[in-house]
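A.B. asks: Next one to model:
(one chain, ligands or ions: 1)
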Amino acid sequence: MLDAASARQEDLRVLDHRREIVPDWFQRERMVGYVCYVDKFSHTLAGLERHLDYLNELKVTYLHLMPLLQPRPAPNDGGYAVVDFRAVDSRLGSMDDLEHLAGELRARGISLCIDLVVNHTAAEHIWARKALAGEVEYQSFYFTFPDRSLPDAYERTLLDVFPSFAPGSFSWVPDLQAWVWTTFNDYQWDLNYGNPNVFLAMLETMLFLANRGIEVMRLDAVPFIWKRLGTDCQNQPEAHLLLQAFRALVRVVAPAVAFKAEAIVPHHQLVQYLGKGERERTECDLAYHNQLMVQLWSGLAARDAALMTHALMAMPSPPQQTSWVTYVRCHDDIGWAVSDLDAAAAGFNGFRHRRFLNDFYAGRFPGSFARGALFQENFATGDARISGTAASLCGLEQALEVGDALLIDQAIRRLVLLYSVVFSYGGVPLIYMGDEVALRNEHSYEKDPALADDNRWMHRPFMDWDAAARRSDLNSVEGRVFSEFCRLVEARQRVPALQAAGSVTPLWTDNGRIFAYVRAHPRAGQFLGLANFGDGPESCDARILAEARLSDPQLALSSDGRLDVRDGRIHMPPLGCLWLVDR
Ligand code: OTU
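C.D. replies: Model prediction:
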């Protein structure tokens, strides 16, 4: 820590001070995130610097670059199997390139976020290679078992993350004559944080990256970092203690750095990653709002707002100094985290609704507009998840094939509707690369044997710069979508009530297709968002304005440019959205 602190560059120290003066920087309404793979967006890190104006057009303030540290050769789970935490994937550039890019971004007011896989390393990482060479010190960096007795005991309560291509949580490693704990793929070895040297090695990694100018670390797979027999080995109390310790120590050296937890877990467990346990602690600053994402897709398929209202009402709010990252799509599959209880409260059968969502988004439900595919169908449990780009899941692929202007219009409205909620719900909204120009599913991965069995690659397309070049042509699909995204960005940045420190509460409307949510901020005022999940025009009782404590409602955004109140009801166009604030 002392070494890292004394090596920290002057411009980063200035940033440290700025962040200490403005600790809520990542909660501000100006925050707009963008997520991309470097190779898919610009081939290299140096190439990315040539596209910074594109990011400026979207007023991006936060750039999450997908895994870019040196991975093992493919297959490497999209870069989540790292062989060297201190080197950049040589196909993308060097650590110097990364540092340079971070500086360029900082100068433009864009914070750089990268993935740090804390749960595991590649089987080819130097620590693993030393373990394989017989160094006992490094063997204790991992979990190794001479026979199946303990693995069998653990597996009685473990869940399978990738049941089709990596069943089980342990892999036999002949060179070690041992079973190694591999929660994900067999080439991803789980780290043993019971060994303090693992903690120190990871802390060193964090400080090293912080000093290269990384401002936000996306801590991958954090729920899994502590194991306990008889449990699912996720969300253990020790996992939180470890994160709290990492956060405290990194803060001493690099106060500017924020932590983002990647924990796709039920909400009472999720908020603990933001420090909301029995007592409030300082832990991660940001966490993914998976539930919002899932509920948006569920609502879109069912043309229903009741289930999401129920589910999101039950969601505890994050501690004041933390916030969500909100998103429509990410690089992973969509897992239907709809609880049986929430489903029942809204009149659905949980199991059947989840099956409906899989059928609907795989495009095999009668009348479905979606073009997705099932991911990790588990024949033992009947579970499955969904792959596909947002635009394809919203119906654009099908609409363009049919060539029907009305269907194209609907598909665009769906995409914008989902993003309108994500941009105003509270927290850092993320644009997943390509959604802003409605990129459809890509199939080239099917020809690559290292990727073919993982259909998450269908929604990890290459940036289509020809399509993006049409973004100012308002007659093109790209132009229509891109201009809507710009509208969302600009509207968001004008609404102080979207500062994430406030609270968000869904409200019941008298129309089961209209989702309403109110944001309240003690100084910045009230905000009411409405989203019509119906394919037709819908209305709701205008008394919701009073309920949202908007005495003099002003339009901040409206899909048809107006606030239409007639006969005591708010009228909304098909798949329309409305943002209202107090004067
Ligand atoms: C993450 O996801 C990444 O987002 C995936 O792309 C990786 O494959 C994986 O880690 C392994 O590194 O289970 O289905 O609660 O949900 O860590 C994806 C956290 C995953 C897990 C999450 C994991």
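A.B. asks: which bits of the stretch 201-350 of the chain sit near the ligand?
C.D. replies: Residues of the stretch 201-350 of the chain found near the ligand (Cβ under 6 Å from any ligand atom) are 220-221, 223, 262-265, 331-332. Quick note: C-beta positions are derived from backbone N, CA and C, even for glycine.
A.B. asks: Please name the nearest non-neighbouring residue to the residue of the stretch 401-550 of the chain found nearest the ligand.
C.D. replies: Ranked by Cβ to the nearest ligand atom, the top residue of the stretch 401-550 of the chain for proximity to the ligand is Arg456, at 7.1 Å. In this structure, Arg456 finds its nearest non-sequential neighbour in Ser387, 5.3 Å apart by Cβ to Cβ, 6 or more residues apart in numbering.
A.B. asks: partners of that neighbour in the sheet?
C.D. replies: Ala373 (DSSP bridges).
A.B. asks: Now for it: which residues touch it?
C.D. replies: 333-334, 372-375, 455-456, 458-459 (Cβ atoms under 8 Å, 6 or more residues apart in numbering).
A.B. asks: Kindly reformat the residues you listed as JSON lines and extend each row with pLDDT and distance to Leu407.
C.D. replies: Below are the contacts of Ser387 laid out as JSON lines (pLDDT from 0 to 100; distance: Cβ to Cβ, whole Å):
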{"residue": "Asp333", "pLDDT": "98", "distance to Leu407": "25"}
{"residue": "Ile334", "pLDDT": "98", "distance to Leu407": "22"}
{"residue": "Gly372", "pLDDT": "98", "distance to Leu407": "17"}
{"residue": "Ala373", "pLDDT": "98", "distance to Leu407": "20"}
{"residue": "Leu374", "pLDDT": "97", "distance to Leu407": "24"}
{"residue": "Phe375", "pLDDT": "97", "distance to Leu407": "26"}
{"residue": "Asn455", "pLDDT": "98", "distance to Leu407": "24"}
{"residue": "Arg456", "pLDDT": "98", "distance to Leu407": "26"}
{"residue": "Met458", "pLDDT": "98", "distance to Leu407": "21"}
{"residue": "His459", "pLDDT": "98", "distance to Leu407": "21"}
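A.B. asks: Could you list which of those residues belong to strands?
C.D. replies: Among the contacts of Ser387, the members found in strands (DSSP state E) are 334, 373-375.
A.B. asks: Straight-line length of stretch 558-577, end to end?
C.D. replies: Stretch 558-577 has its terminal residues 6 Å apart, counting by Cα to Cα, to the nearest Å.
A.B. asks: Other residues contacting that stretch?
C.D. replies: Under Cβ under 8 Å, 6+ apart, the answer for stretch 558-577 is 410, 413-414, 416-417, 420-421, 514, 529-545, 553, 555, 557, 578-580.
A.B. asks: just the buried members of those?
C.D. replies: Buried members of the contacts of stretch 558-577, scored by 16 or more other Cβ atoms under 10 Å, are 410, 413-414, 416-417, 420-421, 514, 529-534, 538-540, 542, 544-545, 553, 557, 578-580.
A.B. asks: What about these, which are in strands?
C.D. replies: Among the buried ones among the contacts of stretch 558-577, the members that lie in strands (by DSSP E) are 514, 529-532, 538-540, 553, 557, 578-580.
A.B. asks: Domain boundaries for this protein, per the record?
C.D. replies: 126-190, 502-582 (automatic domain parsing).
A.B. asks: The first one and the ligand in contact?
C.D. replies: Yes. Domain 126-190 comes into contact with the ligand when judged by Cβ under 6 Å from any ligand atom, the residues involved being 161, 184.
A.B. asks: ok, the closest residue to the ligand within the stretch 301-450 of the chain to Gly525 distance?
C.D. replies: Of all residues in the stretch 301-450 of the chain, the one sitting closest to the ligand is Asp332 (4.7 Å; Cβ to the nearest ligand atom). Using Cβ to Cβ, to the nearest Å, Asp332 is found at 36 Å from Gly525.
A.B. asks: Who are the contact partners of Arg549?
C.D. replies: 518, 520, 526, 582.
A.B. asks: most surrounded residue in the residues you listed?
C.D. replies: Sorting the contacts of Arg549 by how many neighbours each has (other Cβ atoms under 10 Å) puts Val518 first, at 21 neighbours.
A.B. asks: hang on, it is in a strand, isn't it?
C.D. replies: Yes. Assessed with DSSP: H, G, I helix; E, B strand; the rest coil, Val518 lies in a strand.
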